[in-house]
Structure formats: structure tokens, C-alpha cells
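J.: quick one: sequence and predicted model below, then my questions.
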Amino acid sequence: MKLIFTFLISLLSLTVFAQSPPGKYIQINNSNCLIFDYNYTTKDTVTWTGTCLSNYADGYGIATWKKNGQDSCKYTGYLKAGKPEGRGKLAYGDNYTLQGTFKNGRLQGKGLINDDGNVMKAQFVNNTLQGPGTMTFKTRLSMKGHFLDGQFINLDNQYLNRLAKVKSNLQNTEHIYSDVKKTDSLFYYTVLPEGSIKGVLVLLPSSGESVESVICNNKKLVEQASDQHIITILLSINNAAIDEDNLTLKFLNNTFQQVTDRYHLPKDKFIIGGLSGGGMLALRYTEIAKAGGNKTYIIPKAVFGADPPVDMAGLYNTSKRFITMNDGRANLSQGMMNGLAEAKWLANSFNKIYGGSPDQFPDEYIKHSMYSRSQVDGGNAKYLTDVPVRIYCDPDILWQMKERNRDYYDMNAVDQSAMINFLNIIGNKNASFIPALGKGYRLDGTRHPHSWSIVDAEGLVDWIGELVD
């Protein structure tokens, strides 16, 4: 099945209590002893194995919270007047723990977070990791970087100093960014070059990927772009399609207008791209811009995608085929099970979004596809006749067969190469399908063709440089 999602390591917003409700003291089960509950609800109960001093839990012990009778959190360490004080460990289930020194109930100083075997170490400031630190994956691959409000970013210092996070005036009302609530503001990062700006690189996350993960995965690309006087912009969109009147389009337009005004950017030198779903957004934004109607703030100079699905009808049909071949089959690996779950999600989502299958509603699929192989004119791809286009793909069929029970018919490469071939035929001399065989690896070092690493940073920056000079 042709992936939209990319299951990269989630770089979390590593706050513990800072954004929680005020909390309150609650009574420990079967006693008059009190302990502070930072996320109190009326369904909370707590037990404590330690001593009680002046009606408050005090000293060393284990506090176990339950919600609706189910364990929700466990603290092992010291308490003072009912709050964590001194060395302690906080565990949420079996796979997420925080360790360090607590002061008046808050983590302060050196500590770590273990997220299912992926360990983040740095200084805690009011429960949030800040400053220089490390990320060590369960594969034992380790990276040095910097925590900004709990988010890990691995840029070198000279580029980190040029990084800025900007809050948008738009809220996440349509939940186009899955990492924050609908009432939260959307945001974007900029990485400025030193000196003049001659071009703009826009990077869009894949489905479910954090913006910070995009930076970490594209460290070399972002830094080389900065060296070549190209500003990089990264937007908080990872859970959305694009239409001609929705929040996704509005957020893109508003951001492009804000950065253009603030940094006096050349509107005709934007290059936009992304991985998977981010690449889909980049292609559709460019097609909408080229179709006319003044629906976009910029008309991208060029567009690229890292393994993006491009034909929604093809994606639906291969999803249904994958379900038929694998649903109910015994001894599927975890990766195959993930592929099966995604195929079911895609088929169900497309049935809701488009009303049914491509056979039932062909026009809806053509309208929302980047390219339609069923159409002689290529569908929306016809608007890219004079736009430089790059599509990167790691067409490792042996990996797909072994790890995912897929064959050539199930790979994004089939429709991607057809799209580029169509563009070449109609006269686009700067449309390229770039096979990056064997180059797909995740941040933690594991092999996966559907990854940012298939994009050759140096080659892409050279291409952008030629376009904006």
C-alpha cells in the first residue's frame, strides 16, 4: 500500500505538569494523609507506601494514581508536604518515564525522559527540557542537539542561533496539525541565512510528523540552504489535505505573506516541498497557484516531493487490494500489521471524503489528485507544464516484498514515474523522477524507503540555487 503516513520518531512536547490544570490535594486511600494531584479529576484515587507527616505524604515511597480504577501514573521517590521533592521517577504506563530532581513538585536540573526506549537527556526547567542535550534511540544511535521548550533540534549552533519560532494568528480549528489542540495557535519556524536572502525553501511535514522532526531529518539540507543565502520555512501542517477555501490554504498563504513582508523576500523565488503528505500539499498548492484565480499568495518557482502519493484513485485501489490480500492472514509482522491498519484507514477515510470509491465518484478523485493516470490531460498535473518538478523515491522492491507484503503495483513509484513521464511528454524539460535506491533511513538508523533521507541535500540545494540565481 502506498504510504501517506511516515512513522518517524515522535519528538514530543516534553512538558509534565506545566500546562496541566492547577491541581489540588487529595486524600490517600483509607487514610487522612494528603498528596498533591497535578491533573485532578473526580475519578482519581491514589495509594502511598511511605509515611505521613502532619497529614501530608512525606519521605520516600511509591505513589500510584488510578483513573476509573486503572493505573495512570506512578511516582517513585521522595515527597515533602505531599509534593515530589528530591530525586524521583514518574512513570506513565510501562513505556514513558521521567527522572530527575524535583523542587516543590517540579522537575528542575539534570534529568531524562525515556519514551519507549528513546532517551532524551538535558536540563529540566519547570518540567520542560531546555538547552544542550542528547537524543539516544533504542537502536543506540545518538544525536547531540538542543532542546527548545521540550522540543529536540539538532542544528549546529551557528544555525540554531538563526532559528525562530513564530506563532500564527490562526488557530488549529480544523486540526491540520495533530500535535496541538484545536484551540491552540498554528506556528512556523524560520532559519535565516547570514546576509542577503536570494531564495526561499519551504518544507512541509509528512502526515503525523512534527515540525521539529522535519528539521532534525533535514539538518544538512537546512544548513546548506542557509550557507547559500536561502531562508528555510517549516509550517505546522501534518494532518490535512488542501482545498481552495480551507484552513490549510489560508495558513500557507498567511505565512507566506508574513515572511515576505518581514524579510522582504522575493515572491517569485519560493521552492516548496515535503515528505509524503507534505509533498502532496506542496504539489497541490503549486497546481492551485498555476491554475489561476488568485487563490494563492505566491506562485512557487519549483516544487518537489519525497515519495508522495500523487493519484488518489490509485491509492484507494491499492489500499483495497492490500486489505483483500492480507486481512485475516496469519503471522503478519508488525510492519505488515501497520500497513494493513493504514490501508483500512485510508479506504474508510476516502469513502467519507469523496463519497465512495473512484468508480462511484471519479470526478472527486480527479479533483483532489496531484495527477490522474486515467486522464489523458493528466488531471491537475497539466498545470505543472512550466514548473520545475522533482520527485524522489527509493524503489526498493525487495524491501517492500519482505517487510510489507507489497509488490510493484503497490508502490508510489508507479504513479510518480507516470506523472513525471507525462510532464516530460507535454514539454516540461525540468521535471525529474529521482530514484534513490537504498537511501531510505529513519532518524534512528533503521532502514525504511519512505524517509526524508532519500532527498539528496547537496543536489537539491544546487538545483534550488540554479533556479533562484
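T.: Thanks, I have it. Residues are numbered from 1 along each chain as shown.

J.: quick check: closest non-adjacent residue to the most far-flung residue of the chain relative to its centre.
T.: Farthest-out residue of the chain from its mean C-alpha position, per C-alpha atoms, centre = their mean: Ser54, at 48.1 Å. Of all residues not flanking Ser54 in the chain, Ala81 sits nearest, at 7.9 Å (C-beta to C-beta, 6 or more residues apart in numbering). (C-beta placed from N, C-alpha, C; glycine too.)

J.: for that neighbour, report the pLDDT, please.
T.: pLDDT recorded at Ala81 is 95.

J.: quick one: Leu186 is in a helix?
T.: No. Assignment of Leu186 by DSSP: H, G, I helix; E, B strand; the rest coil gives strand, placing it outside any helix.

J.: can I assume it is in contact with Ile176?
T.: Yes. In this structure, Leu186 is within contact of Ile176 by C-beta atoms under 8 Å, at 7.4 Å.

J.: now for these two: what residues contact both?
T.: Ser236, Ile237, Phe251 (C-beta atoms under 8 Å, 6 or more residues apart in numbering).

J.: which helix or strand contains the last one?
T.: Pointing back at Phe251 there. helix 247-263 (DSSP states H and E).

J.: tell me which residues of that helix come out buried.
T.: Leu247, Thr248, Leu249, Lys250, Phe251, Leu252, Asn254, Thr255, Phe256, Gln258, Val259, Thr260 (16 or more other C-beta atoms under 10 Å).

J.: one more: stretch 352-368?
T.: Neighbour-count burial for stretch 352-368 flags Tyr354, Ser357, Pro358, Phe361, Glu364, Tyr365, Ile366, His368 (criterion: 16+ other C-beta under 10 Å).

J.: what of stretch 216-234?
T.: 216-219, 221-226, 228-234.

J.: hang on, Gly305 is in a strand, isn't it?
T.: Yes. The assignment for Gly305 by three-state DSSP puts it in a strand.

J.: what's near enough to touch it?
T.: Contacts of Gly305 by C-beta under 8 Å, 6+ apart are Gly273, Gly274, Leu275, Gly278, Gly279, Met280, Ala282, Leu283, Arg390, Ile391, Tyr392, Gln416.

J.: if we go to 10 Å?
T.: 204, 272-283, 370, 389-393, 412, 416, 419, 455 (C-beta atoms under 10 Å, 6 or more residues apart in numbering).

J.: quick one: low-confidence ranges for the chain?
T.: 1-21 (pLDDT under 70).

J.: could you list the domains of it?
T.: Per the record, the chain has its domains at 24-152, 162-468, by automatic domain parsing.

J.: deepest in the core, which of the ones you listed is it.
T.: domain 162-468 (a mean of 19; mean count of other C-beta atoms under 10 Å).

J.: that domain: end-to-end distance?
T.: This stretch, domain 162-468, spans 21 Å end to end (C-alpha to C-alpha, to the nearest Å).

J.: cool, thanks, signing off.
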